[in-house]
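Undergrad: this one's sequence-less:
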């Protein structure tokens, strides 16, 4: 089940980098997240923007599978903001 973050949840998250994958079809946004996660430090947060409705589920599964922390998502007009904390 995907976690939906509130504005107060977001206020406590410091974003290390944002990946804009809006307009890219699945699995493109997930591949972009996989590439970008290596560019941030352990403990930092990656924010992924995606207009593909499947991305939030795919990223959640991938993050848990490889050991990163899936923080949740926030819907915005036309896309989702997806948050992952690098764990290793």
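TA: Thanks, I have it. Keep in mind that what you see is a predicted model, and the values were worked out from it rather than measured. Numbers count the residues shown, from 1 in each chain.
Undergrad: which helices and strands sit right next to the helix or strand where residue 33 lies?
TA: Secondary structure from DSSP states H and E places residue 33 in helix 28-37. In terms of contacts (3 or more CB pairs under 8 Å, 6 or more residues apart in numbering; DSSP states H and E), helix 28-37 is packed against strand 15-20, strand 45-50, helix 55-66, strand 79-85. No exception for glycine: its C-beta is placed from N, CA and C like everyone else's.
Undergrad: and the last one, how far from the chain's centre?
TA: Which is strand 79-85. 3 Å (CA atoms, centre = their mean, to the nearest Å).
Undergrad: follow-up on the earlier one: contact partners of the helix holding residue 33?
TA: Residues outside helix 28-37 that contact it (CB atoms under 8 Å, 6 or more residues apart in numbering) are 17, 19, 21, 24, 46, 48, 50, 52, 55, 58-59, 62, 68, 82, 84, 86.
Undergrad: kindly tell me how buried the residue lying closest to residue 49 once chain neighbours are set aside is, as a neighbour count.
TA: In space, and not counting its chain neighbours, residue 49 is closest to residue 20: 4.9 Å by CB to CB, 6 or more residues apart in numbering. Using other CB atoms under 10 Å, residue 20 is surrounded by 14 other residues.
Undergrad: need the pLDDT of residue 20.
TA: For residue 20, the pLDDT comes out at 97.
Undergrad: and what of residue 2?
TA: Taking residue 2 on its own, its pLDDT is 67.
Undergrad: if we can go back for a sec, got the helices and strands packed on helix 28-37 as TSV, with distance to residue 35 columns?
TA: Listed next are those as TSV, based on distance: least, CB to CB, whole Å:
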stretch	distance to residue 35
strand 15-20	8
strand 45-50	10
helix 55-66	12
strand 79-85	13
